[in-house]
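Peer 1: Need a 3D model of the following:
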Amino acid sequence: MVRLASRLRLARNGLSLLVLLALVLLLACQSGSEQKKNDSSQGAAQPPLKFSVNGVGYSRALKSAAADSANQAADSAKLGSANQAADTLDLLTLSTEFNAQIVVHNYKDFDSLAVDGVALKDSMASVPVSRIAKDAFLTLSWKRGGSRGSLFLRTLHKLVPNMTVTQDLSKGPMSAGDFYLSYVYLRLIQKIGNNGQYLFYRFEPMVDTSKNCTGWWDFKKHHGDDGKIYYSYHEPDSTYASWRFNGFNPGKRVLLDESYNKLKEIQLEAVDSIQEGYPVDGHDFYLFNSEHYILMSYIDRVVNVKDRDTVASAYIQEVDSGKVVFDWWSVDHDTLFSMLDPVFDTTAGKDYVHMNSIDVLPDSNLLCSFRHISSVLKIQRDSAGKILWRLDGTSSSNAFHGQHFARYHDDDGSITLFNNDNGPNNTQLLRFNMGDMDKGSVKNKTVLRNDGYFAQACGALTFSGKNVIAGWGIPGDTTSFRRLVAEYNSTGGLIFSLERDSVKVSEEKIFGATAFMATYRAAKYE
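Peer 2: Numbers count the residues shown, from 1 in each chain. Just a heads-up that it's a prediction; the model follows:
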């Protein structure tokens, strides 16, 4: 019995030792876990925050802050008037018309996440955007282990050039619609409201300041025949960079839905000598709906014409549900070879016509502007593709040169042009009241604006009500490059203007000075 009792005591003592050992191991694990949390709060390497805002992805290594509220308040104070936060990220796109959609892809790495006080549900949050500006931020608050902090999302990227807004409502009310801006060498598109505030923008900083690095062109709004709203802009395609020449920006048309989400990228469809995916040009784009549109491009063609062997043929392609239903080549029309405006004798090169706008007339035919022959042509939109008439700018009665943005106006049957007026170097906004539209005869010409300014290329003329809107394009000299877009009343009074701020040396190094002197197109759309 004594031996049995002794054995039981030893067994109990051994069990106690096992329990004690287990408790020690448990405490060690807890201590290690706490140490990891402490390491985290003291700046040990942690996974970056991976998230997207309105479909654009970002990755950011976060800066830890102490967990107490006093330090959090200090972080917020750092934002202050200096416009610098302890942890700031510049967004590339945003809109005030719709809530910002924030998705944190690695949200499970965090204990809690919120944007402007709105907690993420699973991985997402939807928050209103009251203002887009360099001093306006969305605040993404996070907590992970023993650390927490805030990532300040700047609503307007700090590298977007500044604009000056001027408004004088004593000259009349603003017309309906918003301003749409795109740039020759800057990958920036902007939608600006009548109060001068941002409604939407998309931006891509570039470090290549060569002229081969072209911008996004021709940002515009479309009212589809399907009752839907679309937006589009032209994006260069580096695959075809070797095709580029001065005035041809080979790329693709990016089509957006009414909320600025990308629907598709559009290039040429295969037909005859055209291969599927050939680039389109960015000068203009006419949309019926998301499956039906008219594209333009330039394709080198060998020709047997005096003094010419290879030319850049202007090319039009209409696509409906993936099929080419109409196309047109300038080289099929011999008369065009003899129409080069002497103003462009030394600069046109192989680009002998340079098409830069397309509009559809009420009779379904096309109205197209050709800069290097200073002409607007009506082109039959069928298999024949005949040139039905020519509005000739080299005639003394019409007198325009190097024009852009030919548009037909159904309310009075007129045609308007942004007349760059290369040669005379005196840009004018012109309206042609047509006599016999079928023959292209002009009843009279009205000069809507002529203030001595010279825009050597690009530009647009739009109307909204009785007001006239001028997008000023590329300035003719570097001493007066600030004009972007302006709205005038019917008597020429300036109601509204957007102008570029003075260029900073630091900005020139990033973009090149030309980027600040050249809107590709600035127009107003309702």
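Peer 1: show me the contacts for the most centrally placed residue in the chain.
Peer 2: What sits nearest the mean C-alpha location of the chain, by CA atoms, centre = their mean, is residue 189, with 2.9 Å. Shown in contact with residue 189 (CB atoms under 8 Å, 6 or more residues apart in numbering): 180, 181, 182, 201, 202, 216, 219, 233. To be clear about C-beta, it is placed using only N, CA and C from the backbone, and glycine gets the same treatment.
Peer 1: does the fourth one count as helix, strand or coil?
Peer 2: What DSSP: H, G, I helix; E, B strand; the rest coil gives for residue 201 is strand.
Peer 1: Was I right to think it contacts residue 190?
Peer 2: Yes. Contact criterion CB atoms under 8 Å: residue 201 and residue 190 qualify, at 4.8 Å.
Peer 1: and the closest residue to residue 97 other than its chain neighbours, how many residues sit next to it?
Peer 2: Distances taken as CB to CB, 6 or more residues apart in numbering put residue 199 closest to residue 97, at 5.7 Å, once the chain neighbours are dropped. By other CB atoms under 10 Å, the residues close to residue 199 number 18.
Peer 1: Mind telling me what element the nearest residue to residue 355 once chain neighbours are set aside is part of?
Peer 2: Spatial nearest neighbour of residue 355, chain neighbours left out: residue 314 (4.0 Å); criterion: CB to CB, 6+ apart. Element membership for residue 314, per DSSP states H and E: strand 308-320.
Peer 1: Can you tell me the strand partners of that strand and which way each runs?
Peer 2: The pairing partners recorded for strand 308-320 under DSSP bridges are strand 292-305 (antiparallel), strand 323-329 (antiparallel).
Peer 1: buried set for the longest one?
Peer 2: Using 16 or more other CB atoms under 10 Å as the burial criterion, the residues of strand 292-305 that qualify are 292, 293, 294, 295, 296, 297, 298, 299, 301, 303.
Peer 1: what about the helices in the stretch 1-150 of the chain?
Peer 2: Taking DSSP state H, counting those that start in this stretch, the helices of the stretch 1-150 of the chain run over residues 2-41, 69-79.
Peer 1: Number of residues surrounding the nearest residue to residue 323 once chain neighbours are set aside?
Peer 2: In space, and not counting its chain neighbours, residue 323 is closest to residue 269: 7.2 Å by CB to CB, 6+ apart. By other CB under 10 Å, the residues close to residue 269 number 19.
Peer 1: how about residue 396, secondary structure?
Peer 2: The three-state label given to residue 396 by three-state DSSP is coil.
Peer 1: picking up where we left off before, mean pLDDT added to the strands paired with strand 308-320, as JSON lines?
Peer 2: JSON lines is the format used below for the strands paired with strand 308-320 (pLDDT from 0 to 100):
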{"stretch": "strand 292-305", "mean pLDDT": "94"}
{"stretch": "strand 323-329", "mean pLDDT": "98"}
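Peer 1: Select, out of the ones you listed, the one closest to residue 413.
Peer 2: Residue 413 lies closest, by CB to CB, to one member of the strands paired with strand 308-320: strand 292-305, at 21.8 Å.
Peer 1: from the middle of its chain, how far away would the closest one be?
Peer 2: Here the centre of strand 292-305 is set off from its chain's centre by 25 Å, with CA atoms, centre = their mean, to the nearest Å.
Peer 1: same question, stretch 439-455
Peer 2: 30 Å.
Peer 1: Any chance you could list what contacts that stretch?
Peer 2: With CB under 8 Å, 6+ apart as the contact definition, stretch 439-455 has outside contacts at 378, 388-391, 397-399, 416, 418, 420-421, 425-435, 461, 468, 470, 472-477, 480, 483, 488, 492.
Peer 1: Make TSV from the strands paired with strand 308-320 and add distance to residue 52 to it.
Peer 2: Formatted as TSV, the strands paired with strand 308-320 follow (distance: least, CB to CB, whole Å):
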stretch	distance to residue 52
strand 292-305	29
strand 323-329	35
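Peer 1: Nearest to residue 159 among the ones you listed would be which one?
Peer 2: It's strand 292-305; of these, that one is closest to residue 159 (CB to CB) at 31.1 Å.
Peer 1: Pretty sure residue 223 sits against residue 258.
Peer 2: No. Judged on CB under 8 Å, residue 223 makes no contact with residue 258 at a distance of 10.6 Å.
Peer 1: Need the residues touching each of these two.
Peer 2: residue 229.
Peer 1: Flag the shaky bits of the chain, pLDDT-wise.
Peer 2: 1-45, 64-86, 207-213, 306, 478-480, 502-517 (pLDDT under 70).
Peer 1: and if we set it to 80?
Peer 2: 1-45, 64-86, 206-213, 304, 306-308, 477-481, 502-517 (pLDDT under 80).
Peer 1: between the contacts of residue 189, which is closest to residue 288?
Peer 2: The closest of these, once distances to residue 288 are taken by CB to CB, is residue 233, at 17.9 Å.
Peer 1: Look at that closest one and tell me its secondary structure.
Peer 2: Of the three states, residue 233 takes strand under three-state DSSP.
Peer 1: Kindly state the beta-bridge partners for it.
Peer 2: Using DSSP bridges, the bridge partners assigned to residue 233 are residue 254.
Peer 1: Then residue 201?
Peer 2: Under the criterion DSSP bridges, residue 201 forms beta bridges with residue 94, residue 190.
Peer 1: give me the number of residues near it?
Peer 2: Residue 201: 23 surrounding residues under other CB under 10 Å.
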